[in-house]
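> I would like to see how this sequence folds:
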Amino acid sequence: MQQMPSPYRVEPSRPTGDERDRHAFATPAISTVVTLAGGFVFGWLAIMTFVVCGSSCDSDPAGSVIFTACTWSLVAPVMLLLISWLLPWRRRYSGARLGFAILAPLSVGAIYVLFNVWLVLT
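Model (predicted):
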């Protein structure tokens, strides 16, 4: 059997991680939907706090805490989602993209838990 000349020889390719990840958009897209849903629920529940306590909350500092919690529950997940969307769409960044995409809805949940702990303690 004759051996093929070297320009026509096919070498096995080794994955280097530099190839484009065709499914890179899936993780941030799912995380965005989950984070938006959680953010709307959290915002609705935080605003409902004023409805429950009525006029007795006028002198209570809960208004500033609700505003701070809603602000942080918007800023932190949005930054994490931006990072997960803006990472290069290469295979080597898929782990980091997954990590930031998972942290975005978890940060909404963590801020909601901290907000409820504050309400119970005051």
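> low-confidence ranges, this protein, go.
Residues of the chain that meet the criterion pLDDT under 70 lie in 1-17, 50-51, 53-63.
> contacts only, for Ser31.
Leu81, Ser84, Ala101, Ile102, Ala104, Pro105 (C-beta atoms under 8 Å, 6 or more residues apart in numbering). Glycine gets a C-beta too; all of them are placed from N, C-alpha and C.
> thought the fifth one was touching Val75?
No - applying C-beta atoms under 8 Å as the test, Ala104 and Val75 come out as separate, 11.4 Å apart.
> looking at the two, which has the bigger crowd around it?
Under the criterion of other C-beta atoms under 10 Å, the comparison of Ala104 against Val75 puts Ala104 first, with 25 against 12.
> doesn't that one lie inside a strand?
No - counting by DSSP: H, G, I helix; E, B strand; the rest coil, Ala104 falls outside a strand, being helix.
> quick one, what contacts it?
Under the criterion of C-beta under 8 Å, 6+ apart, the contact list for Ala104 reads Ser31, Thr32, Val34, Thr35, Pro77, Leu80, Leu81, Ser84.
> go again with 7 Å.
Counting by C-beta atoms under 7 Å, 6 or more residues apart in numbering, Ala104 makes contact with Ser31, Thr35, Pro77, Leu80, Leu81, Ser84.
> what does the host helix or strand of the fifth one contact?
In the assignment (DSSP states H and E), Leu81 maps to helix 62-86. Applying C-beta under 7 Å, 6+ apart, the set of residues contacting helix 62-86 from outside is 27-28, 31-32, 35, 39, 42-43, 46, 49, 97, 100-101, 103-105, 107-108, 111, 115, 118.
> show me just the buried residues among those.
Using 16 or more other C-beta atoms under 10 Å as the burial test, the contacts of helix 62-86 include 27-28, 31-32, 35, 39, 42-43, 46, 49, 97, 100-101, 103-105, 107-108, 111, 115 as buried.
> distance to Ser64 added to the contacts of Ser31, as a markdown table?
A markdown table is the format used below for the contacts of Ser31 (distance: C-beta to C-beta, whole Å):
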| residue | distance to Ser64 |
| --- | --- |
| Leu81 | 26 |
| Ser84 | 31 |
| Ala101 | 31 |
| Ile102 | 30 |
| Ala104 | 25 |
| Pro105 | 25 |
